[in-house]
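Student: just to be clear, the model below is a prediction. Sequence and coordinates:
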Amino acid sequence: MAYVRIEKPRPHTSVIVMDRPERMNSMAFELVGPLHDAIEEVAADNDTWCAVLTGRGRGFCSGADTQETEPPPNIEGMTLTRIATRSMTILADLVPALRRMPQPVIGAINGAAIGGGMCLSLGTDIRIAAESACFRAAGINNGLTATELGLSFLLPRAIGSSRAFEIMLSGRDVDAREAAEIGLVSRAVPDAELMDTALDLADRINGWSTQGVQLTKRMIWAGLETGSLAAAIELESHTQLFVRLTTQNFEEATRARRENRKPDFKD
């Protein structure tokens, strides 16, 4: 049974759906493996300019699966410690895989994003939450650390260090309203409007230069790791000059404004 599917409800937008609602789309390997495959497939699709990641049912992703589940792939002859390392490597690459996608990824957070599911949501570039959504850094609730899958890097940069410390150390739930207030998500919308809101945003993004959008994503992520303003400006300058000198996009934008129409960027 396929626990992840790809839909294309509108031109140039692919939706990756985690589809194991009876387990709240938990991070069992029978879902994680197909999720990796779907991310790779969408990333390689030149006709996909924007992607949406969501779940089916009342959970976006509930993190670790506590029920019986399949082992990670290709572990024959391995010791327990090596299996553990293999398992964590597969899980930990989900967020970098989303980051490597050339397309912007909109997280349509349809319900609970718990533990690794919260981390997965932070791997998306833009997050929109249904009003029923909630977030919890659940590692701390399970006697482990709250730091997993990049959360110690991503969460302070999204909402500031003081709030990140409080949320990660307390193990409390953050509802959709609070998530929007503190910048964990861009906005919270009624559940019935979640997918249309995400797809409308994808349509808007798809109206711009594909090259400009993809390089903007790369530069924002690079900027989060750049050590100085001077270094960030240097990177931005080269990127901006590259698009300016290798396309006619700027000229098309100027003509479109003069002719009172939407630009048609050809890159």
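Tutor: Looks like it came in fine.
Student: could you pull out the strands for the stretch 101-250 of the chain?
Tutor: All strands of the stretch 101-250 of the chain, identified by DSSP state E, counting those that start in this stretch, fall at 105-109, 112-114, 126-130, 134-136, 174-175, 187-189.
Student: same question for the longest helix along the chain: list its buried residues.
Tutor: When every helix of the chain is counted residue by residue (DSSP state H), the longest turns out to be helix 229-246. Residues of helix 229-246 classed as buried by neighbour count (16 or more other C-beta atoms under 10 Å): 232, 236, 239, 243. C-betas here are computed from N, CA, C, even on glycine.
Student: would CSV of those with pLDDT be doable?
Tutor: Converted to CSV, the buried residues of helix 229-246 look like this (pLDDT from 0 to 100):
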residue, pLDDT
232, 93
236, 93
239, 94
243, 93
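Student: want to throw the residues you listed into JSON lines with distance to residue 59?
Tutor: As requested, those are exported to JSON lines (distance: C-beta to C-beta, whole Å):
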{"residue": "232", "distance to residue 59": "37"}
{"residue": "236", "distance to residue 59": "38"}
{"residue": "239", "distance to residue 59": "38"}
{"residue": "243", "distance to residue 59": "39"}
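Student: could the strands of the stretch 101-250 of the chain go into a markdown table alongside mean neighbour count?
Tutor: Written out in a markdown table, the entries for the strands of the stretch 101-250 of the chain read as follows (neighbours: other C-beta atoms under 10 Å):
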| stretch | mean neighbour count |
| --- | --- |
| strand 105-109 | 27 |
| strand 112-114 | 28 |
| strand 126-130 | 26 |
| strand 134-136 | 24 |
| strand 174-175 | 20 |
| strand 187-189 | 19 |
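Student: of all those, which one is nearest residue 20?
Tutor: Comparing the strands of the stretch 101-250 of the chain against residue 20 with C-beta to C-beta, the closest turns out to be strand 112-114 (13.5 Å).
Student: list the neighbouring strands of that closest one plus their orientation.
Tutor: strand 59-61 (parallel), strand 134-136 (parallel) (DSSP bridges).
Student: count of residues packed around the nearest residue to residue 168 once chain neighbours are set aside?
Tutor: Residue nearest to residue 168 in three dimensions, not counting chain neighbours: residue 146, with 3.8 Å by C-beta to C-beta, 6 or more residues apart in numbering. Counted with other C-beta atoms under 10 Å, the burial measure for residue 146 works out to 24 neighbours.
Student: tell me the contacts of residue 146?
Tutor: With contacts taken as C-beta atoms under 8 Å, 6 or more residues apart in numbering, residue 146 has the following neighbours: 137, 138, 139, 140, 168, 169, 171.
Student: report the separation between it and residue 167.
Tutor: Shown here: residue 146 relative to residue 167, a distance of 8 Å by C-beta to C-beta, to the nearest Å.
Student: mind checking which helix or strand of the chain has the lowest mean pLDDT?
Tutor: Among the secondary structure pieces of the chain, namely its helices and strands, helix 80-92 has the lowest mean (mean pLDDT, DSSP states H and E), a mean of 86.
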